[in-house]
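K.L.:
fold the stuff below for me.
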Amino acid sequence: MRATWRWFGPRDLCTMANVRQVGAKAVVSALHHIPDGELLTSEEIENRQNEVRFLPDGTASGLEWEIIESLPVSEDIKRQSGAWRAHIQNYKASLANLANAGIKTVCYNFMPILDWTRTNLRHELPNGATCMRFDLDDFAAYDLFVLQRSGAENDYPENVRERAKQRYFSFSNGEIELLSSSIMCGLPGAKRQKVEDVLDALSLYKNINEDLLRKHLIDFLSEVIPTAERLGMKMACHPDDPPFPLLGLPRITSTESHYKTMLEAVNSPANGMALCTGSLGVRSDNDLPGMIDRLGDKLHFLHIRNVVSEETIAASEPQRLHNFYESEHLTGNVDLVALIKAALAEEKRRRDRGEEHWEIPFRPDHGLDILDDIGRGTQPGYPTIGRMKGLSEINGIIYASAH
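P.N.:
Model (predicted):
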């Protein structure tokens, strides 16, 4: 397994000098300043490559930018509206520019509007560490009483609606603003904060259900996967985060069944998944080691983190939205030992088939704010020390499992 490290560029508080000390073999990055749907030029790609290859004083870092996360799919493409056809052409041209630069793995998602959703970005744990958390009552309070989204009351049972009402009317103005900004932090690029902007964005999906969004995903893949295959690239689709419908928006990459449908619809070695153990692990009906066993040849990228569900999920209702928080890597819903053993078995199958690129790239995804990271204001979920701790734990499992 090939350890990588997500880096957000020069604005990242984890500098490239830090990254080369954590034990990663390569870097995962993106060009976040380029608006969705626009072309990634060769010049912009080369600039980021040089920012990875060299420290500010010109010293070689010894690292390369190997995976782009993300090459975003525009909302126009997801809705098949506006300039979506031009955006697909730009996407294919961006793939060509990336491939020419030697970047052959692309991580992307097909979530409408929000890339991820949490209600608290600095939830304090009993040991003083902080993490990201999703609280259903807080989210319902935002949906029902801040957004006042039409039809929102139908998405929550009566007991949740009542608790959300009590929660909302106990909030100060500052607490409402903090909750809103935490939820909207999952917006890619510029962060919309105004209620009317969020409602306008949601209204554009009012006629798009799960089946139609899935059709649009398959249409997108039908266009771009042949290009990716010709270029020798791998497209890795990230799951929904969290893997439940939110704000009336459909979800189409939340379960193994969702992925099988997507992978079978456009059957190509270039079409695959980015298995995120934290996103998929929120649901008790997702068997992650089994997914690797059954879909391993389509596993192009692995995000390793863990979550703890704070409510017991009824066996008959594993899809029910519930509270969860991001935990230490070795404690939580996901059996990382079993998962890593499944990944190592998949690597062996690839070696036995004689595949040149048999290693599965992974990165320690997210991490707790601990020690000197507390209060630094790092990108939510991406503290240096917490991720380095997670990487060390993952490497320990890999070593013990392989010997």
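K.L.:
could you check how far the residue lying closest to residue 281 once chain neighbours are set aside is from residue 383?
P.N.:
Computed as C-beta to C-beta, 6 or more residues apart in numbering, the closest residue to residue 281 that is not its neighbour in sequence is residue 334, at 4.1 Å. All C-beta spots, glycine's among them, are computed from the backbone N, C-alpha and C. From residue 334 across to residue 383, the span is 20 Å (C-beta to C-beta, to the nearest Å).
K.L.:
ok, the residue nearest to residue 281 to residue 290 distance?
P.N.:
For residue 334, the distance to residue 290 - C-beta to C-beta - is 12 Å.
K.L.:
wait, residue 30 sits on residue 69?
P.N.:
Yes. Between residue 30 and residue 69 a contact is recorded at 5.7 Å, counting by C-beta atoms under 8 Å.
K.L.:
name the helix or strand for the residue nearest to residue 281, please.
P.N.:
Under DSSP states H and E, no helix or strand contains residue 334.
K.L.:
burial count for it?
P.N.:
24 (other C-beta atoms under 10 Å).
K.L.:
quick one: contacts for it?
P.N.:
Shown in contact with residue 334 (C-beta atoms under 8 Å, 6 or more residues apart in numbering): 277, 278, 281, 288, 306, 307.
K.L.:
which ones are touching the nearest residue to the fifth one once chain neighbours are set aside?
P.N.:
Which is residue 306. Nearest non-adjacent residue to residue 306, counting by C-beta to C-beta, 6+ apart: residue 332, 3.2 Å away. Taking C-beta under 8 Å, 6+ apart as the contact definition, residue 332 lies against 281, 306, 307, 308.
K.L.:
okay, those in a markdown table with distance to residue 179, pLDDT and secondary structure next?
P.N.:
Shown next, in a markdown table, are those (distance: C-beta to C-beta, whole Å; pLDDT from 0 to 100; DSSP: H, G, I helix; E, B strand; the rest coil):
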| residue | distance to residue 179 | pLDDT | secondary structure |
| --- | --- | --- | --- |
| 281 | 24 | 95 | coil |
| 306 | 24 | 97 | strand |
| 307 | 20 | 96 | strand |
| 308 | 21 | 94 | strand |
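K.L.:
relative to residue 381, how far out is residue 329?
P.N.:
Residue 329 is 13 Å from residue 381, by C-beta to C-beta.
K.L.:
now do residue 232
P.N.:
From residue 232 to residue 381 the distance is 31 Å (C-beta to C-beta).
K.L.:
same for the helix or strand hosting residue 398, what does it pack against?
P.N.:
Residue 398 belongs to helix 384-402 when assigned by DSSP H and E. Packed against helix 384-402 by the contact rule (3 or more C-beta pairs under 8 Å, 6 or more residues apart in numbering; DSSP states H and E) you find strand 2-6, helix 336-352, strand 361-364.
K.L.:
out of the ones you listed, which comes closest to residue 58?
P.N.:
Of all these, strand 2-6 sits nearest to residue 58, with 21.2 Å by C-beta to C-beta.
K.L.:
partner strands of the closest one, parallel or antiparallel?
P.N.:
strand 26-29 (parallel), strand 361-364 (parallel) (DSSP bridges).
K.L.:
I'd like the ones you listed as CSV, with mean pLDDT and distance to residue 352 appended.
P.N.:
What follows is these, written out as CSV (pLDDT from 0 to 100; distance: least, C-beta to C-beta, whole Å):
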stretch, mean pLDDT, distance to residue 352
strand 26-29, 98, 24
strand 361-364, 98, 19
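K.L.:
tell me which of those strands sits nearest to residue 125.
P.N.:
strand 361-364 (18.1 Å).
K.L.:
now do the contacts for the residue nearest to residue 247 when sequence neighbours are not counted.
P.N.:
In space, and not counting its chain neighbours, residue 247 is closest to residue 202: 5.9 Å by C-beta to C-beta, 6+ apart. By C-beta under 8 Å, 6+ apart, the contact set of residue 202 is 113, 149, 247, 248, 249.
K.L.:
just the element for residue 202, please.
P.N.:
Using DSSP H and E, residue 202 falls in helix 195-203.
K.L.:
what about whichever helix or strand comes after that helix, average pLDDT?
P.N.:
Using DSSP H and E, the helix or strand that follows helix 195-203 in sequence is helix 210-230. Helix 210-230 comes out with an average pLDDT of 98.
K.L.:
now helix 210-230 - C-alpha only, CSV.
P.N.:
Output in CSV follows, covering the C-alpha atoms of helix 210-230 (Å, rounded to 0.1, in the frame of the first residue of the first chain):
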residue,chain,number,x,y,z
GLU,A,210,-32.0,9.7,-7.2
ASP,A,211,-32.7,8.0,-10.6
LEU,A,212,-32.1,11.2,-12.6
LEU,A,213,-29.0,12.1,-10.8
ARG,A,214,-27.6,8.6,-11.3
LYS,A,215,-28.4,8.9,-15.0
HIS,A,216,-26.5,12.2,-15.1
LEU,A,217,-23.5,10.5,-13.4
ILE,A,218,-23.6,7.6,-16.0
ASP,A,219,-23.9,10.1,-18.8
PHE,A,220,-20.8,12.0,-17.4
LEU,A,221,-18.8,8.8,-17.1
SER,A,222,-19.8,7.7,-20.6
GLU,A,223,-18.3,10.9,-21.9
VAL,A,224,-15.1,11.1,-19.8
ILE,A,225,-14.1,7.5,-19.1
PRO,A,226,-13.1,6.7,-22.7
THR,A,227,-10.7,9.7,-22.5
ALA,A,228,-9.3,8.5,-19.2
GLU,A,229,-8.9,5.0,-20.4
ARG,A,230,-7.0,6.2,-23.5
